[in-house]
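1. The following comprises the amino acid sequence and a computationally predicted model.
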Amino acid sequence: MASEPEPPMDERPSQASLFPGREDQLDDLSKLLADKDCAPSVLFLSGLPGTAKTLIIDHVLRGRNDRIAWLDCVERHNPRLLLESALTQLSGCRPEPLTDDNSGLWGTFQQCDSVSEFVGCLDEALPVPAPEDTRMTTVVFDHAEKLRDMGPFFLPAITRFAALTERTVTVILISNLTWLHFRSRVGSIEAFSVEFPQYTRAEILQIIARDCPADEEPGFYVSFAEILYDVFSNPCRDIKELRHMVTLLFPKYVEPVKNGKATREQTSKLFGHIQTHIKDALHTLYLREMSSSEWQTQNEPSSAASKANPRAGSGAVDLPYYTKFLVIAAFLASYNPARLDVRFFSKDRSDEVKRRKGGKGRSRGLVNEGGHMRQQLLGPKSFPVERMLAIFYSILPDEIEGTTDIQMQIASLMTLRILLRVTTPDRLDGMKCKCNASYEFVQQLGKSVRFDVSQYLHDFI
Amino acid sequence: MAPTVHTTDPMEQIDVGLYLLPPKTTSESKGRKTSKKAKATTADTTSSNDTLRRECDGFQRLYVGRESEAFCRRRHALFKRRWGCMKERIDSILERLNLQAIEQIVNFVRHAHDGGLGLHNPELPTGLIFTGINPHDHERLFTQIAGKLREERASAHSAAVAMLPAAKCTNLKAASRCLIEQFLGAENLLDDEESNEMNVAQETPESTKKCTAKLPNYDLQRLTGWHRLTGGTKTLIVVLPDFECFDVGVLHALIGILSTFHKTIPFVLLFGVATSIETVHQTLSRDDLACLRIEKFKSQQAQECVNVIVQELIVKQPVNVGGVPTAFKLGLEPYRFLVDNFQLHTLSVSSFEQALKYAMMDMYYSSPLCVLMDARSDAPEADVEDDITALSEDHLRDVRMTKSFRRFVDSNLESNPDLAAAVLCDDNSLKQWIRRSLLDLDRFHVRYHAGIQCVVELQNTINSPTFRRTIRNLHLLGLQGDIVETEFMVALLQLLRKKKVAVMQEFLVACLKQLTANAVTQAAFSDEIATINALQIELASFVTSGSDSDDSSGDSDGAADLARSGKRLRPAGRTTNVAKRLKPIVEHVKAGTLQACSKRVTDFLEELFRDCLKSYTEMPLHEPLYYANEGRLKKAFHPQPRAAIQTALGQTQHYLSCTCCPSTNSTATAAGDAISANLQDTSIAYRLYLECGRLINLYDWFVAFGAILEKEKDDGLEGDEGEEDAAHRRQHIQARFVKAIAELQYMGFIKSTTRKTDHVMRLTWGNV
């Protein structure tokens, strides 16, 4: 979601300082959309998330007396919603309740299910403007990549709005894909494309600098941002995430200054202080394991607390005893080749034979460890449920009767997404599954039921 | 496992589908049948039974219908009352246990939109509630949360809560509709679609507004518009109780939409997560996560909930002083079944609750003596008179047939032959005996409960992770009896002796507190309380007098005890080197009085536990109070479909108790080929199937099948028939064979294979 992370910009004076690094695009767009007769019929804005596409076009269109329909294709997820909303916006009305009660029925301008209906209704909604009317008619589709899922002809029809309605309509598509992905075999026309490249380091710093709190020296803030950028730039150049990190970490950075333990000039001391926090943050980058509010309340910088905290929710899955074995069985079935099942699980071999075999395997194991065909690296393989059950009954320390409970547990493991069904749900027999549990998780389970998983894993022997 | 129960209960003859059983007097007897008497079934009783059964949820008159109607109604009423009480208790327990989590969540929602960090992009406040793996259990939790949030916000700001269960939100359209419906609180949205055209036609002429068409009922503009018109301050709380089940695409879109709306509408998300935060990270994309401000909450674990339920509803005495039912007693096997089922299979509080309810219902449904459970023997006489004096001849005979009664008579034969004779022959003295026994049981339950509490206290005092058992396991030990002899208790008492005086004193105080919890326990423990007081005084004297050598005495005391315990513990295989080395010292240490005293404490405890926690089976007349039918529970909660099918096919007479079936399977197996032609077709095919190998030749099977059916013909009519008839007959047999095979395939016994033509694969092995 590219909800643009910009503060309201009305009070900002000049455009150039407003959008660092976006001067070219701003210039292009305002020129392109300057006059309704010259405006392209399809304008395509592409760029990665967080490159100010929506913001710029909003800025360009805002304040003009144009007729604009702004449509978010995620929220308006089918043609009817899109077109009805477009009609309503262009006609200048807004949905309102039909009854006195707000929660009752709501009315919209016109019901409209397809593009052809839309063309018919448009005259009603928007009388053909007089030639001297300089106002433009613009339809903006945000998240335009969703349009491709709405039927094979919808997108081509949209791009030909101007031709279909016989008016000067500008269709603006905003997407984080390139135009290449929008071309279709049928009825595609070329769009006028404006690229939004990724920000450079200087631009990012410039943007971050604007977040500087009012009571802080901008230079000091920027120097901190520089440090963070250098640390984080390898895994993350997302401006949104970086700004988030800077805002989160800055209070920790200035803490010694506020406490009087250091001055603003002692950068290395301050950096030493912040280092542990940065490490933690780097570890959980993107995950938002700790919310900003939790971050704020957590005063203790001690690494123990911060390490214990993120793990509070993880690994705490409490499963019934037999279900643990089911998960282990599923894991073994997923990561062991089926041909070795006899070796691992056959009951008529005595223990020492198994150990001897295991020993043999270990010598060969060196090859396994390094090989890139190792199953641990390849991910889980699918297996028939019967195989998992066979392993399950063989690894159980005690005999149990086959009851519906086991089947119920399999079903509940599927809803928990620990088991993933590979076959279609309507196929009842010959069902195949995959195990979605990590090795660490299964090892933990094994420990709690005193079962050494690694003993039974082909990869580790 | 083949079902071994041969009952005449009509409900157990169900083969397939649904049978409507005409109401009739049934011989409802569970092993204590006395059905020599003829069933005097008159039209009159039938109709009265009919109404009775209708009014009492199917409760029937027992003793072959000879039980009085009043008793039947009483059983039903008692069941209703007891379960009502228990249900209420369980609900309040669960609410109490989750109170903290709920309060945290409410608090989180309340402050979700206060201030914030001044981050540039508004983050959706999101609460992750880690619930546990049984989503069904947590419906209650989420309704509680929703209720709390609604009333909480009613005062300050208004809030609206929408619950989005994954089952209803299979796509974005359905999810948005669900959201709008719940927030706008309008049910009329449902029939929107159908009445669309008509409504519009009606409204167009009178409407002066520009809006003429209706918004589709899943259009979120409806939500934004509604929010704007209702003041725009309402916090909207979206609850997703089962996060794991949600479709990833829907979730992604939903989070995207809500975060764009978030600028104008304050949203709060609450996710019920069954597993761990890793699932959230796996499910949501980076962009989604960036929109959320996540906080974590934990609801009470199922383990803890069940512990409290066991403590409050099973360990306690069944009826409290006021005569209000408080607990339900389960015998050892059913209780073990419940606990095992919980620990090994489900970890689900609600299924525990259901099994408990089922056990209780079965008790009241099938056991005529259960009325004694609610007979308050020490209550004002009038109340008791009703139940105990009204007991019929059948009831009393049942009492005399209980094992505990027999044991009582046996033990009294020598010492008190008059009493034994009286209870055996005289109904009135038997009733007196019942009353007395119930009183004893009451006292036993009170003492038992306090005893278990003391063991818990002891554990707390020892405070060692290896010696910590949950109350549900302690109760299991208690039911087994001889708890003092268990290794666990022996070790626990040994450890106590090693503790210092102060610790021991503390423990005694705690113990005393348990024993004097209320007037009833005080009365039941008068002797023990006195002993504890004496011991306390004794210990106190050590503290005051031996304060100079407090530390050293504690140590030497510990060492001496360790030495002694080393001796005692040797059989248990716990001889340590330290113990061996310390052994010579024990001779030098004078038998100090403190050690003697601590020994007295443990001896006292041992005695206390031996008496309080003796097995319930030692108590006379425990049968009416303890539910014992484990098989019934197993059948209901651990069904074995495969075994049932195989029994149905292999031993048909279990299900169709008709005369034509061979009486037992022994004849069938003994004779080998003697598969009766009277059997059902599928059953014949199945029996032939049992004799086959991995791949079955269909033609051979068919021929064998035909041969058996031919036998039937031979038995029937002798005369020869025409060519045409024979051909017709062959077709008939083939059709029947195909049908039988199809059924076997449907049930998963065979599978078609391409490996060999005209063969099918056999899929099941071994006769379950």
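-> Happy to help now that I have it.
2. the helices in the stretch 351-500 of chain B, which residues?
-> B:381-384, B:393-401, B:403-415, B:417-425, B:427-462, B:471-480, B:487-498 (DSSP state H, counting those that start in this stretch).
3. Buried residues, the third one. List them.
-> What that stands for is helix B:403-415. B:404, B:405, B:408, B:409, B:412 (16 or more other C-beta atoms under 10 Å in any protein chain shown). All C-beta spots, glycine's among them, are computed from the backbone N, C-alpha and C.
4. What of stretch A:420-433?
-> Within stretch A:420-433, the residues scored as buried using 16+ other C-beta under 10 Å are A:420, A:421, A:431, A:432, A:433.
5. Spatially, which two of the residues you listed are the most separated?
-> Greatest spatial distance in the buried residues of stretch A:420-433: A:420 and A:431, 11.4 Å, computed using C-beta to C-beta.
6. and the gap between whichever residue of chain A sits closest to chain B and residue B:438?
-> Chain B sits closest to residue A:107 of chain A, with a gap of 3.3 Å, by C-beta to the nearest C-beta. Note on residue A:107: its distance to residue B:438, by C-beta to C-beta, to the nearest Å, is 72 Å.
7. Tell me who's in contact with residue A:178.
-> Contacts here follow C-beta atoms under 8 Å, 6 or more residues apart in numbering or on different chains; on that basis residue A:178 touches A:46, A:193.
8. Determine the longest helix present in chain B.
-> Ordering each helix of chain B by length in residues (DSSP state H) puts helix B:69-110 first.
9. Check the offset of the helix or strand following it from the chain's centre.
-> Later in the chain than helix B:69-110, the nearest helix or strand by DSSP states H and E is strand B:124-130. From the chain centre to the centre of strand B:124-130 is a distance of 30 Å (C-alpha atoms, centre = their mean, to the nearest Å).
10. just stretch B:257-265 next, same as before
-> 44 Å.
11. Rounded mean pLDDT for that stretch, please.
-> Averaged over stretch B:257-265, pLDDT sits at 86.
12. what's the straight distance from one end of that stretch to the other?
-> 11 Å (C-alpha to C-alpha, to the nearest Å).
13. do that stretch and chain A meet at all?
-> Yes. Stretch B:257-265 reaches chain A (C-beta under 8 Å from any C-beta of the partner chain) through B:257, B:259, B:260.
14. ok, residues contacting the strand or helix carrying the last one?
-> Residue B:260 belongs to helix B:248-261 when assigned by DSSP H and E. Under the criterion C-beta under 8 Å, 6+ apart, residues A:1, A:3, A:72, A:74-75, A:77, B:122-124, B:169-172, B:175-176, B:220, B:223-224, B:238, B:240, B:267, B:269, B:283-285, B:287-288, B:291-292 lie in contact with helix B:248-261.
15. Is stretch A:317-337 positioned near chain B?
-> Yes. Under the criterion of C-beta under 8 Å from any C-beta, chain B is reached by stretch A:317-337 at A:317, A:318, A:319, A:320, A:321, A:322, A:323.
16. So for that stretch, what gets flagged as buried?
-> A:317, A:319-336.
17. from the chain's centre, how far out does that stretch sit?
-> 29 Å.
18. what's the answer for stretch B:493-504, then?
-> 38 Å.
19. hey, where'd the strands end up in the stretch 251-400 of chain A?
-> Assigned by DSSP state E, counting those that start in this stretch, the strands in the stretch 251-400 of chain A fall at A:383-384.
20. Low-confidence stretches in it?
-> A:288-316, A:347-373 (pLDDT under 70).
21. go on, the stretch 301-450 of chain B?
-> For the stretch 301-450 of chain B (pLDDT under 70), the answer is B:321-322, B:376-386.
22. how about the residues of it near chain A?
-> Near chain A, when you scan the stretch 301-450 of chain B using C-beta under 8 Å from any C-beta, you find B:301, B:302, B:303, B:341, B:342, B:343, B:344, B:345, B:346, B:347.
23. 10 Å - rerun?
-> B:301-303, B:340-348, B:351 (C-beta under 10 Å from any C-beta of the partner chain).
24. quick one on the thing from earlier: from the buried residues of helix B:403-415, pick the one nearest residue B:510.
-> Distances from residue B:510 to the buried residues of helix B:403-415, taken by C-beta to C-beta, are shortest for residue B:404, at 33.8 Å.
25. just checking, that closest one touches residue B:628?
-> No. Look at residue B:404 against residue B:628 with C-beta atoms under 10 Å: they stay out of range, at 11.7 Å.
26. For those two, list the residues in contact with both.
-> B:617, B:622 (C-beta atoms under 10 Å, 6 or more residues apart in numbering or on different chains).
27. which residues does residue B:695 contact?
-> B:753, B:755, B:756, B:758, B:759, B:760, B:761, B:762.
28. Quick one, which of the residues you listed are buried?
-> Among the contacts of residue B:695, the ones that count as buried (16+ other C-beta under 10 Å) are B:759, B:760, B:762.
29. Just read off the phi/psi values of the first one.
-> What that stands for is residue B:759. phi -120, psi 150 (degrees, to the nearest 10).
30. do the second one as well
-> Backbone torsions of residue B:760, given as degrees, to the nearest 10, read phi -120, psi 160.
31. where's it relative to chain A, distance?
-> 14 Å (C-beta to the nearest C-beta, to the nearest Å).
32. isn't residue A:21 right next to residue A:47, touching?
-> No. Look at residue A:21 against residue A:47 with C-beta under 10 Å: they stay out of range, at 11.4 Å.
33. of the two, who's got more company?
-> More crowded of residue A:21 and residue A:47, by other C-beta atoms under 10 Å in any protein chain shown: residue A:47, with 22 against 18.
34. quick one, what contacts the more buried one?
-> A:2, A:22, A:25, A:53, A:56, A:174-178, A:194-198.
35. farthest pair in these?
-> Top of the distance list for the contacts of residue A:47 (C-beta to C-beta): A:22 and A:177, 19.5 Å.
36. tell me the mean pLDDT for stretch A:132-145?
-> 86.
37. Run the contact check for it versus chain B.
-> Yes. Applying C-beta under 10 Å from any C-beta, one finds stretch A:132-145 touching chain B at A:142, A:143.
38. What pLDDT is listed against residue B:665?
-> pLDDT, residue B:665: 48.
39. The one 10 residues further on now?
-> The predicted local distance difference test score for residue B:675 is 75.
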